[in-house]
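*Asks:* Test case, fold it:
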Amino acid sequence: MSTKTDILDLLQREALTVTQLGERLGVTRNAINVQLKQLEAGGLVRRQKNLERGGVGKPAAVFEAAPGAEDVGSAAYPVFLKALLTTVGDTCGKEALGDILEQTGRQLARAAGLSTPTDFESGLRAAMAAADALGASTEAIEQADGIMVRNYSCPIGSAVRQEPCGCRALAAFFSEATGKPVEERCLREGKLICQYLIQMKARKRR
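*Replies:* Numbers count the residues shown, from 1 in each chain. As a prediction, this is how the structure comes out:
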């Protein structure tokens with residue numbers, strides 16, 4: 001494990017000073033400080049308080065894991081999502097599951113502030129950037145019947161292979177962000193390639 005991971009693991013158990021962290025991990029104060037700054041910048045660690053000392057000198061800072069850092073190393077989400085989709089589909093039916101996923105995609109766009117684009121182009125760029133930040137790798141391809149958004153790295157790929165209607169969530173996400181109807185045209189044979197056709201009138205060639 002990296003020193004950063006080790007530090008976070010210790011601070012999730014109890015609040016510690018730089019000196020205490022160095023003693024526990026057997027590394028220098030400088031090494032601890034470098035990693036702590038990165039953890040603080042990422043919002044994973046925060047200063048709890050200064051530890052008062054009897055002697056002269058600056059009080060030692062005490063660090064703790066920040067709220068929300070509990071699951072930063074979790075690998076449970078893909079497994080949990082797949083189980084959740086199966087349970088909802090078995091309980092409510094596939095069509096209801098698809099409707100729920102569509103609503104989820106629109107809610108994701110609204111929560112990200114993407115539901116009121118100033119224009120189509122800016123809405124599309126913002127939606128693609130948001131998808132890429134979640135682990136996608138998107139590109140936009142102009143076609144006669146619209147714009148095809150193609151993604152070669154699906155953030156929910158394992159879940160989509162199990163429940164293809166999961167693609168409706170991302171189609172709805174792009175629809176909410178661009179204000180246009182979007183049709184899912186994903187390829188699932190072999191390598192998964194996500195494709196979402198944003199339907200619009202044929203645009204004039206420049």
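*Asks:* Give me the neighbour count for A133.
*Replies:* Neighbourhood size, A133 [other CB atoms under 10 Å]: 10. C-betas here are computed from N, CA, C, even on glycine.
*Asks:* Phi and psi next, for the residue nearest the centre of the chain.
*Replies:* Using CA atoms, centre = their mean, the residue of the chain that lies closest to the mean C-alpha position is L134, 3.9 Å off. Backbone geometry at L134, expressed as degrees, to the nearest 10, gives phi -90, psi 0.
*Asks:* Now it: closest residue in space that isn't a chain neighbour?
*Replies:* P155 (4.6 Å; CB to CB, 6 or more residues apart in numbering).
*Asks:* list the contacts for the one you found?
*Replies:* 131, 134-136 (CB atoms under 8 Å, 6 or more residues apart in numbering).
*Asks:* tell me the domain ranges of this structure?
*Replies:* For the chain, automatic domain parsing gives the domain ranges 3-65, 76-199.
*Asks:* can you tell me the average pLDDT over the first one?
*Replies:* What that stands for is domain 3-65. The average of the pLDDT scores along domain 3-65 is 86.
*Asks:* now the end-to-end length of that domain.
*Replies:* 15 Å (CA to CA, to the nearest Å).
*Asks:* before we move on, the earlier item: just send the contacts of P155 back as CSV, with secondary structure too.
*Replies:* Converted to CSV, these look like this (DSSP: H, G, I helix; E, B strand; the rest coil):
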residue, secondary structure
A131, helix
L134, coil
G135, coil
A136, coil
